[in-house]
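In: Coordinates only, no sequence provided:
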């Protein structure tokens, strides 16, 4: 796991440094108020201040040393510790994504089971086409249409931006929570609808696999009720691909969606990383990539463990 | 070569089986037809929507402005279309005339030759056809009587022409789908934009499939240490946030369509690699592979002539979803401002205009490109779905 | 066998538990910020309530003339489309939101421009002057002025601020650049100070007088990093004090009850940070915020909406201190743009009136002819912009020798086709629209323009490296400007700001002479001549300059548009319409 993590950090570091531009020139802007020689001096001095004048591999070594002490340095643009920025934004992103995940799973699993079990051709086809249609909707389109129609006068059903109203912190807890949930509805909706199709398909495919298996036939022959057969036997064995999918969806969970965050003005990890990349805020980019990478790998590990726990055929020693 | 017309004694080939299964769904066939329609739209775009006329008589002389103004990319698209058509006819001929046992090999050869012709042709076209500029205002010439006998395209607007006076107008008699932020006709830009979307889809998926196949094949076949190291690399690739990779790389290179296709291809190959690797693991232990190995055939041959055709199915299915995904990514990039350089039309770019600067919701700049993306992506997804079901032996009822 | 479903239930509960925990966490995070700031403010409040010197109400002779009219109370909720990175206005990390928030609200300069005339008035300074030879600048601070905690403002604070800015370890190198001509300062007493300059420069008084004074007893530091990273509440002398900052959501200022001057009537200013312009407008319409800066299209649409105008002001005013201009620069290192005729032809090809009418949709925007503030004294109002005349452009191009020799529709000369790359900043709608128009118009004259968008960081780099053929950008402006950095030929090398490589000996001489001319009439005459040279040479095509636009809730009264801008400090809300307590 550590080598993979190192690999991630090296790749991200290399790419971010290779991109033209640097945070100092950027924040100095195109200038116009300083003569050339002076501007060059100022730039050199600021680069020195941030340690950006050393050769690239030295900078990487320094960064690595700091990270080992869990010091992610400061953001060059915001002048605050990277950790603070991430601490502010990560809960937002995680909230959005976790809620979406729960909703997706809560809806997809029963739908997938139902569609595998009820083999009425037309309903099945219509249902799967509907799901595909949901998957084909571009999220930026949906988001902007929702804001445009639902958020302004005359309807005013939902707030157009942000995660809480202006004076939210003055609310008592439950009112605050209700306000928070009201703000979350649209972004979560945009994040969830696409996930339904994919997951439902997977559940359906897994269930189909199992429903044809011999042991299911045996169970039915033994006289077990349909319900018991589906749930206690077939479904349990279909859980494996679902867990695998969870593992592959984890990177997205910690990364946040730039588009949704931009459209709904939510300060999450997606926007943080996007702004950091466009303003060449190296420290933030590296911090976000590292922490996201760590969380990803951790999630993958958890998925592997859960996988092994659920499927007795898999043990840690056997390799493919 | 085994060419003979005794097809009655032939069984059905794998391809035919899949096609029969696929064709059972009339619904999907309609969508396949829609995709073909899109292709035709993309190929004939300059004839459908252009501000220059087909033919016009100025001072007694006949001119052919549209034809003179065709660019190297137009000709390339024509070439690709013709080659695709020829290839399709060849496939039909193969069904009639070629023995199924060697059909696969023949097909591969034909496809390789076609791709080669297209690539070389494109390069030659771009080198030899000069860039021309023709901004003559033919419409005003006709209006003022200086020219006669002009035959204009059905949608008489060019995608790069601006007309500030009719800026941001909703659909009306002159502009059937309205105008955008500088007065360009939306319908015209949608039609020309289909070129971008379709070509991005194909080329990006082509690149990602090739890379994914090669890497997956090598890893799946080798196993052991190579596989272990390789999978670490693939994991790194998967864990690096793809979007930021794309944005950072886009910053480097000038905004050209090809660069964007390349970038999307370079960052989305991991799924294909995993599929191919999984298939190759299974195939590695099969007898025919062991036989090939013991015969001492070169590795290249074993991987790509023997094992790959059997592993290709999931790649094909993933490819259709990949095309849909690539169209999405390109639209998202254009929406964020990282797409092709203006004024090249792109559906995502038109979408980004519908809501950004105004408090006003410009519904025609949101609805139509959104629908275009939606239907195209839906078409590919449906086709991919049905293809996957057709390939899956467990769903075949005749077996 | 029950373990399996149990496992699933376990995961489900785990998820739910984690979400609730995260929500709690983000709420607590906000609280933590609160607590920190509250303790800080608590400390400061106690400091303020027990001043070391009795706070004297300033006597009539010492204060500037009038009290503000109207009823006290209510809040002004203003939206900024960006969040400040720091609340210290001279640090390099400060950007425009910082200045909108702290300047004249929390921190005050010694000297500032009048609202109705191009003259200086003393803010913290009672008297100020510049010697006849221009080398000695003198300030006398008012008596009885103090910071918001009661501490009197003395020249020690001025010196401290000056030394901090010029400290090389403080991240204020760009701002320090304005003071490199200061030779030394001399503190005469607690209220009087003199600055000695190395050379004459007409803007020295403006720069030095514009230093916002920071209290030494609060901001003094042992090492520079302490100052650079200071997160505490800012304390200044201004009419408002800092109350709290919910990062990402809002920043609140409340009125300084100890203010030495006339106190504003509005009790709190709340800054919100909604970046999405659509959402911003919605928030205004639904009453969540009071004061926004609309995008031009929003303004154009709403200013003709009678219903909107009943509830909101549509303010359009020339903010002299902040009015810039949008321009397209032609890189004179390229063969085609080295010729003045070609540059002039490009200007004739761009229909700037159409841009003003259709893209900006702002009839009050103007087409500038030079780099100076269009209503300022340095600008020559007799110079009129070149009209839109594509035929003339074609004739000029023919004259310059650019003719389509090979029949491909593109003009050329000596084998070089007139085809160039026009670089724009990606993600800026206005740049893109103007660029598309330029491309289309140029095509009509046989010029092929290729649009080259780049994201801002790369764009910045390429501009400084002169890696462009044509570029569009805007410069910010000032009431009085020194064209040296942008137009002097010495600024072409070394990545200076003369990006297009404008080289004109007469212009150089005028710039140099004007810098040292202290008499405004003589100086402005020189600048008028310089303005004419720019107009003839067209190193830039100046596209537009426009007034500031704002939407403001109509419950605010005494909203006056002065000659140089507006003054939010003089607004009030009548008692019966007040919204917040």
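Out: Received, thanks. It should be emphasised that the depicted structure is a prediction, and the values quoted were computed from it without experimental measurement. Numbers count the residues shown, from 1 in each chain, chains lettered A, B, ... in the order given.
In: Residue C:526 contacts residue C:514, correct?
Out: Yes. With contact defined as C-beta atoms under 8 Å, residue C:526 reaches residue C:514; the gap is 4.3 Å. C-beta here means a position set from N, CA and C on the backbone, and glycine is covered the same way.
In: And the pLDDT for residue A:233?
Out: In this model, residue A:233 is scored at 69, pLDDT.
In: picking up where we left off before, so which of residue C:526 and residue C:514 has more stuff around it?
Out: residue C:514 (21 against 18; other C-beta atoms under 10 Å in any protein chain shown).
In: Residue C:440 versus that one, what's the distance?
Out: 40 Å (C-beta to C-beta, to the nearest Å).
In: Can you tell me how far the residue in chain C that chain A sits nearest to is from residue C:464?
Out: Nearest residue of chain C to chain A (C-beta to the nearest C-beta) works out as residue C:496 at 2.7 Å. Residue C:496 sits 9 Å away from residue C:464 when distances are taken as C-beta to C-beta.
In: Between these two, point out the one with more neighbours.
Out: residue C:496 (24 against 21).
In: That one and residue C:485 touch, don't they?
Out: Yes. Applying C-beta under 8 Å, one finds residue C:496 in contact with residue C:485, separated by 7.1 Å.
In: Assign the residue of chain C closest to chain A to helix, strand or coil.
Out: Following DSSP: H, G, I helix; E, B strand; the rest coil, residue C:496 is assigned to coil.
In: Quick check: what element follows the lowest-mean-pLDDT helix or strand in chain C along the chain?
Out: Each helix and strand of chain C was given a mean pLDDT (mean pLDDT, DSSP states H and E); the minimum falls on helix C:2-49 at a mean of 50. Downstream of helix C:2-49, the next assigned helix or strand under DSSP states H and E is strand C:75-79.
In: which residues touch stretch B:174-186?
Out: Contacting residues not belonging to stretch B:174-186 are listed as B:49, B:155, B:157-172, B:187, B:189-190, B:343, B:350, B:353, B:357, B:362, B:364-365, B:368-369, C:359, C:429, C:432-433, C:436-437, C:440 [C-beta atoms under 8 Å, 6 or more residues apart in numbering or on different chains].
In: what helix or strand is the closest residue to residue B:387 other than its chain neighbours on?
Out: The shortest distance from residue B:387 to any non-neighbouring residue, by C-beta to C-beta, 6 or more residues apart in numbering or on different chains, is to residue B:317 (5.6 Å). Following DSSP H and E, the helix or strand that holds residue B:317 is helix B:308-336.
In: Okay, the residue lying closest to residue B:157 once chain neighbours are set aside and residue A:182: tell me how far apart.
Out: Nearest residue to residue B:157, sequence neighbours excluded (C-beta to C-beta, 6+ apart): residue B:185, at 3.8 Å. Residue B:185 sits 41 Å away from residue A:182, going by C-beta to C-beta.
In: Looking at these two now, which is surrounded by more residues?
Out: residue B:185 (26 against 15).
In: Enumerate the residues of the stretch 51-200 of chain A near chain B.
Out: Within the stretch 51-200 of chain A, the positions near chain B by C-beta under 8 Å from any C-beta of the partner chain are A:125, A:128-129, A:132-133, A:135-138, A:140-141, A:144-145, A:147-149.
In: Mind doing that once more with 7 Å?
Out: Within the stretch 51-200 of chain A, the positions adjacent to chain B are A:132-133, A:135-138, A:140-141, A:144-145, A:148 by C-beta under 7 Å from any C-beta of the partner chain.
In: ok, back up a step: in the helix holding residue B:317, what's buried?
Out: The neighbour-count check on helix B:308-336 (16 or more other C-beta atoms under 10 Å in any protein chain shown) flags B:308, B:311-315, B:317-336 as buried.
In: so where's the stretch 151-300 of chain A uncertain?
Out: Low-confidence segments of the stretch 151-300 of chain A (pLDDT under 70): A:152-156, A:160-170, A:229-230, A:233, A:240-241, A:244, A:247-248, A:250-256.
In: Residue C:121: what's it in contact with?
Out: C:112, C:114 (C-beta atoms under 7 Å, 6 or more residues apart in numbering or on different chains).
In: Mind doing that once more with 8 Å?
Out: C:64, C:111-114.
In: Note down every partner strand of whichever helix or strand it is part of and its orientation.
Out: For residue C:121, the host element (DSSP H and E) is strand C:120-122. Paired neighbours of strand C:120-122 in the sheet (DSSP bridges): strand C:111-113 (antiparallel).
In: So which residues make contact with the partner strand?
Out: Residues contacting strand C:111-113 (C-beta under 8 Å, 6+ apart): C:104, C:119-123, C:125, C:128, C:139, C:205-206, C:209-210, C:320-321, C:479, C:564.
In: Mind checking which of those residues are in helices?
Out: If you go by DSSP state H, the contacts of strand C:111-113 have C:205-206, C:209 in helices.
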